[in-house]
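A.B. asks: just coords:
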């Protein structure tokens, strides 16, 4: 879900002339860029990569916006990260979750 959040955020930017900084508690997402793993994945044709469809969608947006990634430790008192966690937990417990048709039916108006 962390990768999907980045894709949606970048996809909602109206121009590509922004100085974009993404703060994430997902080491996997941050390191894909910061450790340059993504370039190896591309070179190997996305072989053995989980969710290659999401990574391909992300990479198109990454090339357009060139965001900088900052990893922060989750549950470590970072105010915005704590708020995001509280919101996610509350939403998951609300019982009001809707089917994400955008994600579930990618050929019917989804991003892929």
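C.D. replies: Cool, the structure landed. On a predicted model such as this, the values are computed, not experimentally measured, just so you know. Numbers count the residues shown, from 1 in each chain.

A.B. asks: what sits against the nearest residue to residue 23 once chain neighbours are set aside?
C.D. replies: Distances taken as Cβ to Cβ, 6 or more residues apart in numbering place residue 70 nearest to residue 23, at 4.8 Å, with adjacent residues excluded. Quick note: C-beta positions are derived from backbone N, CA and C, even for glycine. Shown in contact with residue 70 (Cβ atoms under 8 Å, 6 or more residues apart in numbering): 21, 22, 23, 24, 30.

A.B. asks: Which ones among those residues lie within helices?
C.D. replies: residue 30 (DSSP state H).

A.B. asks: What subset of the contacts of residue 70 is buried?
C.D. replies: Among the contacts of residue 70, those buried by neighbour count (16 or more other Cβ atoms under 10 Å) are 22, 24, 30.

A.B. asks: Using TSV, lay out those together with distance to residue 79 and pLDDT.
C.D. replies: Shown next, in TSV, are these (distance: Cβ to Cβ, whole Å; pLDDT from 0 to 100):
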residue	distance to residue 79	pLDDT
22	17	94
24	15	92
30	19	97
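
A.B. asks: I'd like these written out as JSON lines, with distance to residue 99 added.
C.D. replies: Formatted as JSON lines, the buried ones among the contacts of residue 70 follow (distance: Cβ to Cβ, whole Å):
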{"residue": "22", "distance to residue 99": "27"}
{"residue": "24", "distance to residue 99": "26"}
{"residue": "30", "distance to residue 99": "29"}
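
A.B. asks: now the residue nearest to residue 23: how far from residue 22?
C.D. replies: 7 Å (Cβ to Cβ, to the nearest Å).

A.B. asks: Overlap in contacts, the two.
C.D. replies: Contacts common to residue 70 and residue 22, judged by Cβ under 8 Å, 6+ apart, are residue 30.
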